[in-house]
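Colleague: Predicted model and sequence follow; I will ask about them next.
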Amino acid sequence: HRLWISLFVSYAETEYCNGNFENVRNTVNSIIAHAKSFSDKIPAYKTLCRCVGSAKLNSFEAAQIGLDALGQLGEYFSLKSSFVSSLAEIFKTKLLLMGKNVDIIMSK
């Protein structure tokens with residue numbers, strides 16, 4: 001299963017590099033649908049955020065994808081809060097997660 005995830009993430013990244021953004025979305029959706037754990041989804045979300053966020057007009061959508069992924073981990077952010085308070089919360093979460101192993105976090 002790990003090999004399958006790794007191959008599909010690599011394929012999505014290759015499609016991103018080639019500018020085939022629709023293929024990236026389809027591949028990421030497949031990875032997410034077949035993932036056995038949230039840690040299997042993380043590289044797919046990362047690739048999708050990079051793909052969607054590469055167009056300046058879609059940076060909001062990329063942020064929304066990242067916030068949705070954090071919500072699956074129990075970290076919720078309101079889009080109605082101010083930009084400064086949201087940025088502060090994201091920075092605080094980043095500091096809390098810095099240096100942590102994703103597999104250890106997911107096993108708790």
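Modeller: Cool, the structure landed.

Colleague: can we go C-alpha only for contacts and neighbour counts from here?
Modeller: Fine.

Colleague: Contacts only, for Ser59.
Modeller: Taking CA atoms under 8 Å, 6 or more residues apart in numbering, we find Ser59 in contact with 52-53.

Colleague: For it, give its distance to Leu3.
Modeller: Taking CA to CA, to the nearest Å as the measure, Ser59 falls 30 Å from Leu3.

Colleague: now Ser39
Modeller: Counting by CA to CA, the gap between Ser39 and Leu3 amounts to 14 Å.

Colleague: and what of Val28?
Modeller: 15 Å.

Colleague: residues touching Ala35, list them.
Modeller: Under the criterion of CA under 8 Å, 6+ apart, the contact list for Ala35 reads 5, 41.

Colleague: make it 6 Å
Modeller: Residues near Ala35 by CA atoms under 6 Å, 6 or more residues apart in numbering: none.

Colleague: So, low pLDDT: which residues of the chain?
Modeller: 55-57, 78-81, 104-108 (pLDDT under 70).
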